[in-house]
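In: what follows is a protein structure lacking sequence information:
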């Protein structure tokens, strides 16, 4: 989402780096470029004006550190301001000391509110909570059915009945105590546009159940309109936080960079994909790092830890220390890598990615390569997966036919496997007895991301 802004800012910083010291004229010239970059990213004009003035005052009002180059000094100042603009720190869900915690989801129709409610329930369940979803949208066709299907998919109960939204919400809170649910997530009705009837209904639900959190779900792709929607909802209902959906899209990022400063409420979570596990806590410092090309290694590690099963990791570690590494192990690595998101998004989190963008700009990242590799392994017999040395020419042809690929693809998989196995032997010699395989699955296992570039 922030790619255009990131590219523009890095070009600005590149020009600063050619100077030995910063003058007042240099600072003003750089900030003009920063201002244009932010405006092009659809950041609110008043926000742009205020933060550039604040950066200017900061740079002019202090001695330039001898430990930093001019580029580093400007980057440091812009980074600090971006972090402040985005919210300074992650603000988690407010939990009631006496369950249940009531979370009211509000937003316009089409923002992804119902799906986000299910995503939030899934995340909370993975953290050890017992959430319950509430179908309080009685107007949109199939809204209740959609939530029931999503609830079944994430494994949480869904409260629904024929009644008005206020009574449904009250009944759900009462029912949660019977079921032992500690978090109640109410999916309220939306409209295509803000109207008085919707606002009155939301106010009535709020006054009846007194929620601990009122989370506004807004589509990041709508840019400054998302900020306007958040302002109106906050004035009428009193939101406590924001969830931005479609952060994996190609919008310019203006909503994320404006909404906290304009509305005064934090972005708590972001939707980064359609799958139900693609809701992430919003960390302002990490987002600022990515905008400035510094990477986001902490989020990358967290993705890896979620993707790679701890029990399987322990079993694999034991086998590897005994000198075993099979194609079945390799298949587990491929599945873990695929579950972490697109290769492009993973590379973007690596520190120093800013300098790689030109190299990757014209490269096509073939996501299907991972699927084809797994299909090849699936087409092998258990014996072939455990002992690839028996795979001769006729077996390769059979595997290629069964996987819908080619003999060349089968050979590539076997070659990649041999390279990974060789690396495993090296790790065994140098790291014996150490818990090595619980970090980045594709990193520790030696998976070569560059093989995905064409």
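Out: Done, it's in. Computed from a predicted model, the values in this text were never measured in an experiment.

In: how far away is the most far-flung residue of the chain relative to its centre from residue 410?
Out: Distance from the C-alpha centroid of the chain, by C-alpha atoms, centre = their mean, peaks at residue 394 (44.0 Å). Distance of residue 394 to residue 410, given as C-beta to C-beta, to the nearest Å: 12 Å. (Glycine included, C-beta is placed from N, CA and C.)

In: now swap in residue 176 and tell me
Out: With C-beta to C-beta as the criterion, residue 176 and residue 410 are 53 Å apart.

In: what's the answer for residue 188, then?
Out: For residue 188, the distance to residue 410 - C-beta to C-beta - is 53 Å.

In: so residue 209 makes contact with residue 104?
Out: Yes - when contacts are counted by C-beta atoms under 8 Å, residue 209 is listed as touching residue 104 (7.3 Å).

In: overlap in contacts of the two?
Out: 169, 186 (C-beta atoms under 8 Å, 6 or more residues apart in numbering).

In: so between these two, which is more surrounded?
Out: Using other C-beta atoms under 10 Å, the more surrounded residue of residue 209 and residue 104 is residue 104, with 26 against 20.

In: the more buried one bridge partners, please.
Out: According to DSSP bridges, the partner residues bridging residue 104 are residue 186, residue 214.

In: wait, what's in contact with it?
Out: Residue 104 sits in contact with 169, 186, 188, 202, 205, 206, 209, 211, 213, 214, 215, where contact means C-beta under 8 Å, 6+ apart.

In: got the buried residues for stretch 202-218?
Out: 202, 205, 206, 209, 211, 212, 213, 214, 215, 216, 217, 218 (16 or more other C-beta atoms under 10 Å).

In: can you read off the pLDDT for residue 75?
Out: Listed pLDDT for residue 75 reads 76.

In: ok, now the one 4 residues further on?
Out: The predicted local confidence for residue 79 comes out at a pLDDT of 81.

In: same check on residue 355?
Out: 48.

In: same deal with residue 330?
Out: For residue 330, the predicted pLDDT is 83.

In: for residue 148, same thing?
Out: Checking the pLDDT column for residue 148, the value is 95.

In: distance check, it against residue 168.
Out: 14 Å.

In: then residue 210?
Out: For residue 210 relative to residue 168 (C-beta to C-beta), the value is 16 Å.

In: what of residue 175?
Out: Residue 175 is 10 Å from residue 168, by C-beta to C-beta.

In: what do the two both touch?
Out: residue 159.

In: between the two, who's got more neighbours?
Out: residue 168 (22 against 17).

In: what's the nearest residue to the more buried one if we skip its chain neighbours?
Out: Using C-beta to C-beta, 6 or more residues apart in numbering and skipping residues adjacent in sequence, the residue nearest residue 168 is residue 136, 4.9 Å away.
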